[in-house]
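Visitor: my questions are about this predicted structure, shown below with the sequence.
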Amino acid sequence: MEIKFKYHPLVEGLKVNEDGTEVIWNGKLVKQVPINGGKNFIMKVKGKNVSRLKVVCEAWNGLADTPELIATKIDADGGGHYTNLVWRKRGQGISHKRAESFKKKYIFNSLEQVQEFISKKPDEIPMKVYCKENGVSESAVYNAQKRYGKN
């Protein structure tokens, strides 16, 4: 099977294959250095470190609409093929959406709820232990008290 290349829209003479394993600039293979335990790669282009994902996404999917967008994978296990890459805002990738805190609402919606939670705590148990037993972080209790105003 023939390896397909596309030229980068900004860097003259830079061509990239579909998954970025081969990047050729002015006829020479660009050296890529693994980062994050070998999951991602960076390379030097025009004196700047650039990620493999960015170079592939720019060449095959087009340039990002705005500068704050970064190239991320649609499927974390899908590899760096251009069909698995998309432009997103930083922090909007797969791991962000898998995080327990993603779109999590406040646990306490009023001062009364916070006070009720605190009043049910037995005196012999420290607040930290009581919160952990109930699946609430200690900082959530204190932040809710600040948010709704202590009495």
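Guide: All right, it came through fine. Numbers count the residues shown, from 1 in each chain.
Visitor: least confident secondary structure element in this structure?
Guide: Here the helix or strand of the chain ranked lowest by mean pLDDT, DSSP states H and E is helix 94-98, holding a mean of 57.
Visitor: phi, psi of the nearest residue to Asn84 once chain neighbours are set aside?
Guide: With C-beta to C-beta, 6 or more residues apart in numbering as the criterion, Asn84 has its nearest non-adjacent residue at 3.9 Å, and that residue is Gly78. Using the backbone N, CA and C atoms, a C-beta is placed for each residue, glycine as well. Per-residue torsions, Gly78: phi -80, psi -10 (degrees, to the nearest 10).
Visitor: ok, now how distant is Gly78 from Leu85?
Guide: 9 Å (C-beta to C-beta, to the nearest Å).
Visitor: neighbour count for those two, which is higher?
Guide: Leu85 (23 against 12; other C-beta atoms under 10 Å).
Visitor: what are the phi and psi values at Tyr7?
Guide: phi -80, psi 150.
Visitor: what about it, how many residues nearby?
Guide: 13.
Visitor: now do the contacts for it.
Guide: Gly13, Leu14, Lys15, Ala59 (C-beta atoms under 8 Å, 6 or more residues apart in numbering).
Visitor: can you give me the strands for the chain?
Guide: Under the criterion DSSP state E, the chain contains strands at 5-7, 14-17, 23-25, 28-29, 32-35, 40-45, 48-51, 69-73, 85-89.
Visitor: for Asn143, which of those is the nearest?
Guide: strand 85-89 (25.3 Å; C-beta to C-beta).
Visitor: for the record, mean pLDDT for that closest one?
Guide: Strand 85-89 shows an average pLDDT of 89 in the prediction.
Visitor: pull out the buried positions in that strand.
Guide: For strand 85-89, burial by neighbour count (16 or more other C-beta atoms under 10 Å) applies to Leu85, Val86, Trp87, Arg88.
Visitor: which residues sit in contact with the first one?
Guide: The neighbourhood of Leu85, defined by C-beta under 8 Å, 6+ apart, consists of Leu53, Val56, Cys57, Trp60, Asn61, Ala71, Thr72, Lys73, Ile74.
Visitor: partners of it in the sheet?
Guide: Counting by DSSP bridges, Leu85 is bridged to Lys73.
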